[in-house]
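S.K.: no FASTA, just this:
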Ligand code: BES
Ligand code: MN
Ligand code: ZN
């Protein structure tokens with residue numbers, strides 16, 4: 001998708017489709033309070049072209065509600081699409097992001113290849129709107145039907161955002177370019193997550209990371225079994241030993257010129273390219289979805305791509321621990337005891353709790369490489385879906401100040417993460433009789449005991465853990481995003497990094 005920013009008057013734009021946003025300005029409540037849809041453009045020609053529809057009451061400007069006007073009177077555009085942002089008081093740049101996605105997803109199946117999107121000229125700061133619109137447009141353009149032989153590539157080929165002429169051009173241009181990078185990076189992650197396990201093996205995952213690193217100027221290394229042995233990554237190796245595919249330890253580094261002190265942020269991702277459960281094998285129902293068990297790792301790669309291109313003034317090291325979790329004659333068994341890189345011993349209760357094992361060594365290695373602050377992302381537990389549904393992802397931290405920075409990043413990213421507790425009582429639940437800790441803590445509080453497990457390896461380093469199991473895959477189409485891989489956490493991790 002090509003993107004362009006224009007400052008031309010809306011009235012004279014020659015386009016197949018012009019999208020304009022609207023809010024509901026009705027503040028009264030009750031049965032007589034009719035919705036009052038109001039356009040977020042002062043362009044009089046657009047106002048007058050939309051007048052009849054707005055007065056009809058058919059369009060209420062609800063969030064992601066759309067109405068199409070053909071041959072709008074007085075405009076050169078062939079069609080005028082109104083997209084609702086919902087209640088005026090709740091409209092933010094995040095609503096513009098989804099509205100842009102909705103406009104793109106409206107356009108795609110209708111054979112229209114170019115879309116002009118009017119940025120709201122009130123309610124939302126123009127630069128924030130421009131950035132969000134670009135992000136949303138890319139997110140909306142993605143579909144997961146990569147391997148359909150009858151796939152019609154219905155991508156929107158050109159997305160033009162239009163800002164009012166008098167506005168702060170350089171700031172808006174910069175924000176729009178930024179949004180393009182962020183949107184493309186989120187889609188980079190989604191494309192990886194979408195790949196089936198037979199295509200995206202750990203080795204292939206490493207190759208894709210290396211290619212991206214080469215293209216964006218990141219330093220990179222991709223290691224395998226020998227290096228894992230050298231580093232004594234007994235926890236990571238214990239998962240990999242049951243697979244015929246060699247593991248990949250992906251290391252990316254972003255070192256901005258002239259930055260020689262200050263924090264080093266360590267990004268660690270779970271990269272299980274397929275999770276059968278191992279000897280504690282999963283039931284067949286829905287097992288095909290376990291190709292997305294590398295979504296945390298893919299999110300880190302997407303964030304690194306955006307970091308490389310947006311160039312924040314902070315050093316970042318990224319580690320993705322990639323392997324399959326397979327049952328095999330050589331696979332680890334419940335009851336086995338493994339020694340992690342940090343020296344801690346782990347009793348394996350359930351081989352399906354493999355994510356925490358690979359992350360244990362990933363976190364330790366990030367620390368060894370100098371990370372002063374850690375963040376990990378993982379499709380770690382089914383239990384997080386039980387706790388928070390598919391609305392909020394889970395977040396955990398051993399440090400309030402570090403978490404606060406992440407929480408602030410969420411205002412910009414528009415993603416929902418909810419902090420869950422950690423405490424000694426939960427840590428008790430993963431004590432083992434034979435070893436230092438065990439890899440599961442029983443049925444209750446499963447996401448928390450998983451986080452307590454990781455905390456043992458983060459040690460005293462400020463650390464955030466993101467459990468994205470319930471959000472990394474979207475089961476149903478939404479107006480602004482296709483079902484399939486979501487790319488969740490890319491934007492939030494990026495904003496957190498940029499806050500340093
Ligand atoms: N990859 C799964 C978690 C998962 C479940 C991700 C559903 C996405 C959707 C993880 O490796 C796992 O199997 N976790 C177990 C842990 C249990 C054995 C303690 C789980 O959640 O059941
Ligand atoms: Mn598992
Ligand atoms: Zn898993």
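M.R.: Looks like it came in fine. Everything numeric in this text was worked out from a predicted model, so none of it was measured. Ligands and ions are numbered 1, 2, ... in the order given.
S.K.: Tell me where the stretch 301-450 of the chain has strands.
M.R.: Taking DSSP state E, counting those that start in this stretch, the strands of the stretch 301-450 of the chain run over residues 315-325, 337-339, 345-347, 373-378, 393-397, 417-419, 437-438.
S.K.: typo on my end, the stretch 151-300 of the chain
M.R.: Using DSSP E, counting those that start in this stretch, strands in the stretch 151-300 of the chain cover 158-162, 219-223, 248-254, 264-275.
S.K.: can you list the domains in the protein?
M.R.: Per automatic domain parsing, the structural domains of the chain span 2-165, 187-498.
S.K.: just to revisit the earlier point, right, so of the strands of the stretch 151-300 of the chain, which gets closest to ligand 3?
M.R.: Smallest distance to ligand 3 across the strands of the stretch 151-300 of the chain (Cβ to the ion): 3.7 Å, for strand 264-275. For the C-beta atoms, the positions are set from N, CA and C on the backbone; glycine is no exception.
S.K.: Pairing partners for the closest one, with directions?
M.R.: strand 315-325 (parallel), strand 373-378 (parallel) (DSSP bridges).
S.K.: Would you mark the buried spots in the lengthiest helix in the chain?
M.R.: Secondary structure of the chain per DSSP state H: the longest helix is helix 169-194. If you call a residue buried by 16 or more other Cβ atoms under 10 Å, then helix 169-194 has these buried ones: 172, 175-194.
S.K.: Just grab the bridge partners of residue 249 for me.
M.R.: Applying DSSP bridges, one finds that residue 249 bridges with residue 223, residue 321.
S.K.: quick revisit: relative to the whole chain's centre, how far out is the longest helix of the chain?
M.R.: 12 Å (Cα atoms, centre = their mean, to the nearest Å).
S.K.: what's the angle between that helix and strand 158-162?
M.R.: Between helix 169-194 and strand 158-162, the angle comes out at 150 degrees (axes from the mean of the first three to the mean of the last three Cα atoms, to 10 degrees).
S.K.: So is helix 169-194 next to ligand 1?
M.R.: No - using Cβ under 6 Å from any ligand atom, helix 169-194 stays clear of ligand 1, coming no nearer than 11.3 Å.
S.K.: Stretch 284-293 too?
M.R.: Yes - counting by Cβ under 6 Å from any ligand atom, ligand 1 is contacted by stretch 284-293 at residue 293.
S.K.: how much space between the nearest residue to residue 445 once chain neighbours are set aside and residue 449?
M.R.: Spatially, and ignoring its direct neighbours in sequence, residue 445 is nearest to residue 426 (6.1 Å; Cβ to Cβ, 6 or more residues apart in numbering). Using Cβ to Cβ, to the nearest Å, residue 426 is found at 6 Å from residue 449.
S.K.: what does residue 194 give?
M.R.: Distance from residue 194 to residue 449, by Cβ to Cβ: 30 Å.
S.K.: wouldn't residue 121 be in contact with residue 42 here?
M.R.: Yes - using Cβ atoms under 8 Å, residue 121 is in contact with residue 42, at 5.8 Å.
S.K.: Which positions in the stretch 301-450 of the chain make contact with ligand 1?
M.R.: So the stretch 301-450 of the chain meets ligand 1 at 350, 352, 353, 354, 355, 379, 380, 381, 382, 383, 440, 446 (Cβ under 6 Å from any ligand atom).
S.K.: so what's the last one scoring on pLDDT?
M.R.: Right, the one you point to is residue 446. pLDDT for residue 446: 98.
S.K.: count of neighbours near residue 312?
M.R.: The tally of other residues near residue 312 (other Cβ atoms under 10 Å) stands at 18.
S.K.: And the residue of the stretch 251-400 of the chain that's closest to ligand 1?
M.R.: residue 382 (3.4 Å; Cβ to the nearest ligand atom).
S.K.: Report the contact partners of the nearest residue to that residue once chain neighbours are set aside.
M.R.: If the residues on either side of it in the chain are set aside, residue 382 comes closest to residue 469, at 6.3 Å by Cβ to Cβ, 6+ apart. Neighbouring residues of residue 469 by Cβ atoms under 8 Å, 6 or more residues apart in numbering: 378, 379, 380, 381, 382, 384, 385.
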